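S.K.: A predicted structure for the sequence below; I have some questions about it.
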Amino acid sequence: MFSSRLPDDLSENLLTRRARELRADGGELLDLTISNPTRTGFTYPEEEMRVAFARVADLAYDPQPRGLVVTREAIAGYYAEGAEGAEGGPLDPGSIHCTASSSEAYSMLFKLLCDPGDEICIPLPAYPLFAWLAGLDAITIRPYNLRLAPDGRWRIDMHSLDLAISDRTRAVIVVNPSNPAANYLRPDEFLQLDSLCARNRIALITDEVFWDFPLMDHSVAESGLASAADSTERGNLISRQRTVGIPGDALRFTINGLSKLLALPQMKLGWMLTEGPARLRDEALARLDVIADAYLSVSTPVMAAAPVLLALRAPIQEQIRIRCLRNLEAARMHFGSGRSGISLLQPEGGWSALLRLPDDADEEAIALRLLEDERVLVHPGYLFDFARGKFLALSLLGPADRFLRALEAIDRAWK
């Protein structure tokens, strides 16, 4: 009697079940899968945030499909502050739709672009959310591969993407920086993507939720510690391409939100920015208005508070960047040489890093052994559908002392 949009088997996988059982027994876990920043010891400007929400009782309900003008102006201002967001001139707040989350933004775009049975191209490896969201909207995913280049960085396999596109394909999704591969889109990749999408009359959807978190490249300081300014400067040395404000020929949508940008997933404010040729852009905006008006899901208080919240992002992001840099340097000290048989891949941005295992390794068996013997929880690579290679995915978000203890346990268990 239930929809086929959901799988028949909703049971937990073995790793998730064992982690839950160990927690229920009171055992401490060193969790290297954590992605909730509100549970990792960061401090927030609470007083300023309270002030931002202080006048909630005075707010009148003013339903607008694209969200409050003051909110969209603040979002446009966020992009205008970065050089990458200003290349095409000031961003029009009218091209922005507020959403309750990035997941809702995807769902709205799927409704805009697809009929049931149509296709969306998604990158692999990738966080497994895309398959769930696509299934809930009765559309099909067509994967394309990211390839590991000789320099240890991930690149879009354009040949794989070209083969994935069919006459039912409606959009290509790109994550910038990718997750968990953690590499930024390159300028030449953007040009190829824009041309490919325009040629095939399909849309380009770019997810930039981790854009503001560049990580150090190989020219790391000997101390292994850097200020936020230093880390940002090093991150900017990476040839990375933001798709916002860049002239192009394809219809483009960019997704972001407070969940990662401000490490505030509970605030439930995301957005999508529509760009491209004027006729296509305006038609997409009008049709998105109809979809958004049917739900009006975004809370008025968080939209009203958004200008203040966005202005508070610097100290929050600084904490996260420094934490991730410190943990990344600890991982580099343990596994950077690859002598143990495990090697660290250098991430460019985001909150995660990858350990590469020997090609004959059993990822799930290793993850289960780490959990049972060392009480360390990691994500085995198969959860992200790597086309080649064996990996463990580590969150860089946790407290440094616990992260270091987990690394030592992984090193000890592997030896």
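M.R.: It's in.

S.K.: Show me the strands in the protein, by range?
M.R.: In order along the chain, the chain carries the following strands (DSSP state E): 30-31, 96-99, 119-124, 140-148, 154-156, 169-175, 203-207, 252-257, 270-275, 343-345, 352-357, 376-377, 379-380, 390-395.

S.K.: L296 is nearest to which of those strands?
M.R.: Closest approach to L296 among the strands of the chain is made by strand 96-99 (10.1 Å; CB to CB). C-beta coordinates here come from the backbone N, C-alpha and C atoms, glycine included.

S.K.: and G341, what is it in contact with?
M.R.: Under the criterion of CB atoms under 8 Å, 6 or more residues apart in numbering, the contact partners of G341 comprise 357-358, 414.

S.K.: Buried only: go through these for me.
M.R.: Buried residues within the contacts of G341, defined by neighbour count using 16 or more other CB atoms under 10 Å: 357, 414.

S.K.: what number of residues lie near L14?
M.R.: L14 is surrounded by 12 other residues when neighbours are defined as other CB atoms under 10 Å.

S.K.: Report how many residues lie close to the nearest residue to it once chain neighbours are set aside.
M.R.: If the residues on either side of it in the chain are set aside, L14 comes closest to L368, at 6.8 Å by CB to CB, 6 or more residues apart in numbering. Taking other CB under 10 Å as the neighbour definition, L368 ends up with a count of 16.

S.K.: Can you read off the pLDDT for R23?
M.R.: The pLDDT attached to R23 in the predicted structure is 89.

S.K.: surely it meets L29?
M.R.: Yes. Under the criterion of CB atoms under 8 Å, R23 makes contact with L29 at 6.3 Å.

S.K.: neighbour-wise, which of the two wins?
M.R.: In this comparison of R23 against L29, neighbours counted by other CB under 10 Å, the higher total goes to L29 at 17 against 13.

S.K.: who touches the more buried one in this structure?
M.R.: The neighbourhood of L29, defined by CB under 8 Å, 6+ apart, consists of 19, 22-23, 371, 375-377.

S.K.: Out of those residues, give me the two with the largest separation.
M.R.: Longest distance between any two of the contacts of L29 is 13.4 Å, between R23 and V376; criterion CB to CB.

S.K.: those helices in this structure, which residues are they?
M.R.: In the chain, the segments counted as helices under DSSP state H are 14-24, 46-52, 69-80, 102-113, 129-136, 158-164, 187-200, 228-237, 258-261, 278-295, 300-311, 313-335, 363-374, 400-414.

S.K.: quick one on the thing from earlier: any chance of a markdown table for the strands of the chain, columns mean pLDDT and distance to L191?
M.R.: As requested, the strands of the chain are arranged in a markdown table below (pLDDT from 0 to 100; distance: least, CB to CB, whole Å):
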| stretch | mean pLDDT | distance to L191 |
| --- | --- | --- |
| strand 30-31 | 96 | 40 |
| strand 96-99 | 98 | 25 |
| strand 119-124 | 98 | 18 |
| strand 140-148 | 96 | 17 |
| strand 154-156 | 95 | 12 |
| strand 169-175 | 98 | 13 |
| strand 203-207 | 98 | 12 |
| strand 252-257 | 98 | 13 |
| strand 270-275 | 98 | 15 |
| strand 343-345 | 94 | 26 |
| strand 352-357 | 96 | 27 |
| strand 376-377 | 96 | 40 |
| strand 379-380 | 96 | 33 |
| strand 390-395 | 96 | 29 |
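
S.K.: Looking at those strands, which is nearest to A182?
M.R.: Across those, A182 has its closest neighbour in strand 352-357 (5.9 Å, CB to CB).

S.K.: For the closest one, which helices and strands make contact with it?
M.R.: In terms of contacts (3 or more CB pairs under 8 Å, 6 or more residues apart in numbering; DSSP states H and E), strand 352-357 is packed against helix 313-335, strand 343-345, strand 390-395.
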